[in-house]
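J.: kindly return the folded structure for what I paste below:
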Amino acid sequence: QVQLVESGGGLVQAGDSLRLSCAASGRTFSIYAMAWFRQPPGKEHEFVAIIRWNSGITYYADSVKGRFTISRDNAKNLVYLQMNSLKPEDTAVYYCAAARNYYSAYDLRLNYDYWGQGTQVTVSS
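T.: Numbering: from 1, shown residues only. From the prediction side, this is the model:
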């Protein structure tokens, strides 16, 4: 099992920056990739970004490309999501997720095995 705990959410103004962290514990050696998803109010979960644990290769949703950066610290089992130029439409609960295997459809929730409890990010206009 892998446990994931997110932190760093909060209330910010449009244009501000925020950094989310996700701490992984347990059988972290089994992780192939880690990702961030979000769920805006009244909407479905949506993919934000993914990073492959060993190679560091990253992919982003078009809506955050150029504004968000996903990174990891393998030694500390931490994944970060640096969010810049935040917009009100970025308001959501942000979830950290971990996958044990490679899937080409990295934006699908069903391909992830472990999830954190989520952290709220609210961006005011």
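
J.: which stretches of this protein form helices?
T.: Here the chain has no helices by DSSP state H.

J.: tell me which residue is most central in the protein.
T.: The structure's the chain has its C-alpha centroid closest to residue 36; by CA atoms, centre = their mean the separation is 1.9 Å.

J.: for that one, give its distance to residue 125.
T.: Distance of residue 36 to residue 125, computed by CB to CB, to the nearest Å: 23 Å. C-beta coordinates here come from the backbone N, C-alpha and C atoms, glycine included.

J.: what number of residues lie near residue 18?
T.: Here the count is done by other CB atoms under 10 Å, and residue 18 has 21 residues near it.

J.: so it bridges to which residues?
T.: Beta-bridge partners recorded for residue 18 (DSSP bridges): residue 83.

J.: I'd assumed residue 7 was in contact with it.
T.: No: counting by CB atoms under 8 Å, residue 18 stays clear of residue 7, with 11.1 Å between them.

J.: returning to what we had before: my guess is the residue nearest to the centre of the chain meets residue 70, correct?
T.: Yes: with contacts defined as CB under 8 Å, residue 36 counts as touching residue 70 at a distance of 6.5 Å.

J.: quick check: pLDDT value at the closest residue to residue 119 other than its chain neighbours.
T.: With sequence-adjacent residues excluded and distances taken as CB to CB, 6 or more residues apart in numbering, residue 119 is closest to residue 9, at 3.4 Å. Residue 9 is assigned 96 on the pLDDT scale.

J.: check the one 5 residues further on too.
T.: The model reports residue 14 with a pLDDT of 98.

J.: residue 46 too?
T.: Reported pLDDT at residue 46 in the predicted model: 97.

J.: residue 67: how many residues sit nearby?
T.: Applying the criterion other CB under 10 Å, we find 15 residues in the vicinity of residue 67.

J.: quick check: it touching residue 82?
T.: No: Residue 67 is beyond contact range of residue 82, at 9.2 Å (criterion: CB under 8 Å).
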